[in-house]
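[1] sequence first, predicted coordinates after that:
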Amino acid sequence: MSFAEKLNDLRSPGNQPDPKKSAPSGWEPGIKYEPNGEWTVTTTPQPSLSDPESWKAAVESLGIEVPEGWSVRLVEARYDPAAWHRDEPGEDAYTKAIWRYKFSVHPSVNIANVDELLLFLDKRKDIKPLVQTKDDTYVVTISDMQWGKVDGGGSQEILENLMTSHVKSLERFKKLRKDEKIDKVLILLPGDCIEGTQSGGGMRLSRLDLTLTEMLRLYRRTTLAIVQDYCNTASSVTVVVVPGNHDEAIRTGNSLNTTYDDSHAVEGASIVADTLDAAGYKNVHFIFPQKDELTCVVETSGVTVGLVHGHQTRGKMQNYLANQALGRQSIGTADIVVSGHYHHFHAQQLGPTCWLQAPALDGGSTWFRHSNGVEAPKGMLTFVVGGGYWRGLEIL
């Protein structure tokens, strides 16, 4: 500090604000446009302001027009009991108590009226209950039987799992038909019907309790029995089948060496279709993937259902479906996508698409238990579709 500054400080009676300075630093009147689109407005000195209308008037006193649909919110207020003030240019300055304000000007947020919302409770008796009709469809998913797999109880346990779930599923359909007039059935076969001899480059050959032809025979005959039971009960039965990785027909080493639809799952179901046709059943319809394809899509009761085994998703179903939709593939347009392969139940809403991962019907996986310690419950995924939605999901 210079001697002149020291002298001035010693002779001063106390704090003497500069009358030429109209506002302290940071409180200069003006408007600042924030990155989020809001405004921060600092007003000229004001008397005490107590309500939103006076806040708006103070902001507009700077020549700023608050847009329609925007609000003024108080951000900060500072009281100055002895601020320098000049009424008109050229007049003497004097001190008086004033308030300095900062406001945020931003688009208004619509606030719901709670009293109006609560009035809805009085109208609840006028809401008509949803009426189910015979246009709905009962969906049954038979996934990952893997006949011949020795794990758990082997093929004996697979048979018990399959037929126990089938009996429960059939009984559920009969009740739905009686109570809700539902008379259509969609049976989904997402693949891995047999353990097979090709998956893993033949490494599973030592862990089989059936030969390949025996696996196929069990798959064919149990599928025929299940479809036939529904044909004898429902007015319309649709069966959709896609290939899995265990039921691939030919591999060289651990690489597929044929078309993607060259599958024992597809061929076994094709034989069932031929058998029912020869027996004179007219109420059943089978849908198979096109040449060299892995997925199928079917429309029933106003809902598009897509079927995929799931090995091609590599555990990233959302990315898989997003890319399929981008490529305008049919599976990317489905309202509901059902998959197998991962042997556990999972349900996830992916935007407008619902993904349902079906549990398995095999005897389990010894390797998975050794490496992870837990196994998922077995079962048959069932639900109802109609009117653009799904409901009543049960694992039987």
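    Yep, that arrived.

[2] what bridges to the residue nearest the centre of the chain?
    Nearest to the mean C-alpha position of the chain, by Cα atoms, centre = their mean, lies Gln349 at 2.4 Å. Following DSSP bridges, Gln349 is listed with bridge partners Cys354.

[3] what about the nearest residue to Ala376 once chain neighbours are set aside, which SS state?
    Once flanking residues are discounted, Ala376 sits nearest to His344: 3.5 Å by Cβ to Cβ, 6 or more residues apart in numbering. (C-beta placed from N, C-alpha, C; glycine too.) What DSSP: H, G, I helix; E, B strand; the rest coil gives for His344 is coil.

[4] could you give the number of residues near Asp299?
    Not Asp; residue 299 is Glu. Residues within reach of Glu299, counting by other Cβ atoms under 10 Å, total 10.

[5] circling back to that earlier point, separation between the residue nearest to the centre of the chain and Ala225?
    Separation of Gln349 from Ala225 (Cβ to Cβ, to the nearest Å): 35 Å.

[6] likewise Ile31?
    Taking Cβ to Cβ as the measure, Ile31 falls 79 Å from Ala225.

[7] same check on Gly388?
    Gly388 sits 33 Å away from Ala225, going by Cβ to Cβ.

[8] lowest-scoring secondary structure element of this protein by mean pLDDT?
    The least trusted helix or strand in the chain, going by mean pLDDT, DSSP states H and E, turns out to be helix 3-11, with a mean of 63.

[9] looking at Gly388 and Ala225, which is more packed in?
    The residue with more neighbours, out of Gly388 and Ala225, is Ala225; 13 against 10, by other Cβ under 10 Å.

[10] in what helix or strand does the more buried one lie?
    If you go by DSSP states H and E, Ala225 is part of helix 212-231.

[11] buried set for that helix?
    212, 215-216, 218-220, 222-224, 226-231 (16 or more other Cβ atoms under 10 Å).

[12] out of the residues you listed, who's nearest Arg78?
    Tyr230 (78.6 Å; Cβ to Cβ).

[13] how far away is that closest one from Ala376?
    Separation of Tyr230 from Ala376 (Cβ to Cβ): 26 Å.

[14] packing partners of the longest helix belonging to the chain?
    Counting residues, the longest helix found in the chain (DSSP state H) is helix 154-180. Packing contacts for helix 154-180, counted by 3 or more Cβ pairs under 8 Å, 6 or more residues apart in numbering; DSSP states H and E, involve strand 137-141, helix 212-231, strand 381-386.

[15] tell me the mean pLDDT over that helix?
    Here helix 154-180 scores 95 as its mean pLDDT.

[16] report the distance from that helix to the chain centre.
    In terms of Cα atoms, centre = their mean, to the nearest Å, the centre of helix 154-180 is found 29 Å from the chain centre.

[17] what does stretch 183-199 give?
    From the chain centre to the centre of stretch 183-199 is a distance of 25 Å (Cα atoms, centre = their mean).

[18] do stretch 34-53 as well
    Centroid separation between stretch 34-53 and its chain, computed with Cα atoms, centre = their mean, is 42 Å.

[19] where does the prediction get shaky in this protein?
    Where the chain drops to pLDDT under 70, the residues are 1-23, 84-93, 111, 124-134, 201-202.

[20] I am finished for the moment; much appreciated.
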